[in-house]
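Asks: Below are the sequence and a predicted model; questions follow.
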Amino acid sequence: MELKPTHSSPVLTDPAPVNKSRLGIPSSLLPYSQQGPSFPASGKYITIPRKKPGKLDDVRSNGWLDAMKASSPPRKKLVKDLSLEVSATSDDSEITYSSWMLKHPSALNCFGQIIKHARNKKIAIFLDYDGTLSPIVDDPDRALMSDAMRSAVRNAAMYFPTAIISGRSRHKVFELVGLTELYYAGSHGMDIMGPVSSNTNTLSDDHPNCVKSTDQQGKELKLFQPAREFLPMIDEVFRTLVENTKEFEGAKVENHKFCASVHYRNVDEKNWPLIAQCVHDILKEYPRLRLTHGRRVLEVRPVIDWNKGKAVEFLLESLGLGSRDDVLPIYIGDDRTDEDAFKILREGNNGYGILVSSAPKETKAFYSLRDPSEVLEFLKSLVRWKELQEAECA
């Protein structure tokens with residue numbers, strides 16, 4: 001989907017003016033606006049010389065290493081017994097998971113309960129990508145959704161407003177999904193492609209963080225980018241991370257436009273402290289950026305009050321659903337960054353978060369699904385229910 005701006009883009013190196021809209025980003029949310037590297041008008045960047053990681057005490061004392069291990073559950077080990085491969089997962093693990101599911105029951109087993117609550121309401125679906133629509137794999141570029149999953153998402157979008165909210169760049173996740181029927185939010189919601197609405201509660205067309213665009217079919221869309229002024233900084237940090245992590249075999253750095261990710265899934269665990277310290281040393285030069293932890297990934301993001309939960313709220317308002325009582329948002333995700341969306345729905349008591357996980361985790365989600373195959377079945381169940389409901393009304 002190629003978007004064509006209808007007016008010139010703003011200068012990215014200048015901070016956007018403060019807007020009093022409750023969805024705007026006031027200067028109070030950017031506490032380091034007068035600090036950190038500057039970006040000359042010439043467009044030339046400051047390059048930090050490559051250097052070895054500093055003292056490892058930094059990442060030990062600030063909890064980074066603990067967070068890396070906590071967000072990186074070990075894979076199930078296989079042991080050989082004669083010619084058979086037997087899972088080393090113990091019965092205790094299944095008992096623990098079953099106990100955890102008492103608090104976060106299966107969304108498939110509780111489908112009837114979900115649908116009972118959804119009756120006479122408009123469902124809106126929000127989906128993470130990696131680990132939700134596609135399996136987690138060693139190479140992020142090979143995290144491909146199946147044809148069956150793509151068909152299920154397309155069918156769901158025929159009946160329910162459906163959005164993908166991913167840590168990947170918006171263009172990359174669209175390339176992977178390839179469905180024009182959806183709304184897309186990349187960079188953890190900092191790059192949203194949504195509809196232009198006449199709803200007075202949505203952002204106005206002249207909001208400093210919005211750009212009106214059209215897709216190839218001529219449909220009018222709206223891009224919302226609350227962290228536009230960080231683009232040069234993220235690009236510089238990305239290039240510095242690439243340079244400073246190249247010595248770590250298996251490390252991969254990705255530029256997701258509004259955030260930069262350092263994947264350590266294929267890095268020897270003994271080098272995790274070194275790669276964490278490397279990222280830590282670079283971030284010391286950028287007080288306007290912060291680090292968050294994903295599944296075997298370190299993510300560098302702008303210091304603004306924006307996340308996947310805020311993205312859900314924005315999309316609901318853009319769709320004209322934000323202030324209605326007859327709307328049931330459902331968010332399905334597997335990562336720590338999805339917790340912001342789960343929290344929004346739980347605290348508002350107006351929707352369901354569904355965590356995709358085969359192991360117990362602390363979560364704000366109401367329900368759970370084990371893996372993408374169960375996500376597929378859940379989406380298909382929603383479509384069958386809707387089709388049956390419409391047939392009964394015909």
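Replies: Received, thanks.

Asks: which residues does Thr162 bridge with?
Replies: Ile125 (DSSP bridges).

Asks: dump the residue contacts of the residue nearest to Leu144 when sequence neighbours are not counted.
Replies: Distances taken as CB to CB, 6 or more residues apart in numbering put Ser134 closest to Leu144, at 5.9 Å, once the chain neighbours are dropped. Backbone N, C-alpha and C define where each C-beta goes, glycine included. Listed by CB atoms under 8 Å, 6 or more residues apart in numbering, the contact partners of Ser134 are Ala143, Leu144, Met145, Ser146, Met149, Leu176, Pro372.

Asks: And for Gly178?
Replies: Gly178 neighbours (CB under 8 Å, 6+ apart): Arg150.

Asks: re earlier: next, format the contacts of Ser134 as JSON lines and append neighbour count and pLDDT.
Replies: Below are the contacts of Ser134 laid out as JSON lines (neighbours: other CB atoms under 10 Å; pLDDT from 0 to 100):
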{"residue": "Ala143", "neighbour count": "17", "pLDDT": "90"}
{"residue": "Leu144", "neighbour count": "13", "pLDDT": "94"}
{"residue": "Met145", "neighbour count": "21", "pLDDT": "95"}
{"residue": "Ser146", "neighbour count": "14", "pLDDT": "96"}
{"residue": "Met149", "neighbour count": "20", "pLDDT": "98"}
{"residue": "Leu176", "neighbour count": "20", "pLDDT": "95"}
{"residue": "Pro372", "neighbour count": "21", "pLDDT": "97"}
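
Asks: which one of those residues is nearest Val267?
Replies: Val267 has its nearest neighbour among those in Ala143, at 17.8 Å by CB to CB.

Asks: which residues of the stretch 151-300 of the chain fall in helices?
Replies: For the stretch 151-300 of the chain, the helices defined by DSSP state H, counting those that start in this stretch cover 170-177, 231-245, 272-283.

Asks: any low-confidence regions in the stretch 101-250 of the chain?
Replies: 194-208, 211, 213-220 (pLDDT under 70).

Asks: And the strands in it?
Replies: Secondary structure of the stretch 101-250 of the chain (DSSP state E, counting those that start in this stretch): strands at 122-127, 162-165, 183-186, 191-195, 210-214, 220-224.

Asks: want to throw the ones you listed into a markdown table with distance to Val300 and mean neighbour count?
Replies: A markdown table is the format used below for the strands of the stretch 101-250 of the chain (distance: least, CB to CB, whole Å; neighbours: other CB atoms under 10 Å):
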| stretch | distance to Val300 | mean neighbour count |
| --- | --- | --- |
| strand 122-127 | 24 | 22 |
| strand 162-165 | 19 | 26 |
| strand 183-186 | 15 | 25 |
| strand 191-195 | 15 | 23 |
| strand 210-214 | 24 | 18 |
| strand 220-224 | 21 | 19 |
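
Asks: and Leu321, which of the helices of the stretch 151-300 of the chain is closest to it?
Replies: Closest among the helices of the stretch 151-300 of the chain, using CB to CB: helix 170-177, at 21.0 Å.

Asks: Flag every buried residue along that closest one.
Replies: For helix 170-177, burial by neighbour count (16 or more other CB atoms under 10 Å) applies to Arg170, His171, Lys172, Val173, Phe174, Leu176, Val177.

Asks: so where's the stretch 251-394 of the chain uncertain?
Replies: For the stretch 251-394 of the chain (pLDDT under 70), the answer is none.

Asks: ok, now with 90
Replies: 265, 292-296, 314, 317-325, 348-350, 389-394 (pLDDT under 90).

Asks: Next up, the contacts around the closest residue to Asp191 other than its chain neighbours.
Replies: Closest residue in space to Asp191, ignoring its immediate chain neighbours: Arg170 at 4.5 Å, by CB to CB, 6+ apart. If you count contacts by CB under 8 Å, 6+ apart, Arg170 has them with Tyr184, Ala185, Gly186, Ser187, Asp191, Ile192, Met193, Lys257.

Asks: shouldn't the first one be in contact with Leu176?
Replies: If I follow you right, that is Tyr184. No. With contact defined as CB atoms under 8 Å, Tyr184 does not reach Leu176; the gap is 10.4 Å.

Asks: Give me the phi and psi for the most centrally placed residue in the chain.
Replies: Centroid-nearest residue in the chain: Ser166, 3.3 Å away (criterion: CA atoms, centre = their mean). Per-residue torsions, Ser166: phi -130, psi 160 (degrees, to the nearest 10).

Asks: The host helix or strand of Asp340 - contacts with which helices or strands?
Replies: In the assignment (DSSP states H and E), Asp340 maps to helix 339-348. Packing contacts for helix 339-348, counted by 3 or more CB pairs under 8 Å, 6 or more residues apart in numbering; DSSP states H and E, involve helix 308-318, strand 327-333, strand 352-356.

Asks: Of all those, which one comes closest to Leu382?
Replies: Once the helices and strands packed on helix 339-348 are compared by CB to CB, strand 327-333 is nearest, at 8.2 Å.

Asks: quick one, that closest one and helix 308-318 angle?
Replies: 150 degrees (axes from the mean of the first three to the mean of the last three CA atoms, to 10 degrees).

Asks: sorry, back to before: for the residue nearest to Leu144, give the beta-bridge partners.
Replies: Asp130.

Asks: Next, the nearest residue to Cys259 once chain neighbours are set aside: phi, psi?
Replies: In space, and not counting its chain neighbours, Cys259 is closest to Arg301: 4.4 Å by CB to CB, 6+ apart. When read as degrees, to the nearest 10, the backbone of Arg301 gives phi -130, psi 160.

Asks: Could you give the number of residues near Arg301?
Replies: 24 (other CB atoms under 10 Å).

Asks: does it really touch His188, like I thought?
Replies: Yes. Shown here, Arg301 and His188 form a contact pair, counting by CB under 8 Å, at 6.7 Å.

Asks: Which neighbours do those two have in common?
Replies: By CB under 8 Å, 6+ apart, the residues touching both Arg301 and His188 are Phe258, Cys259.
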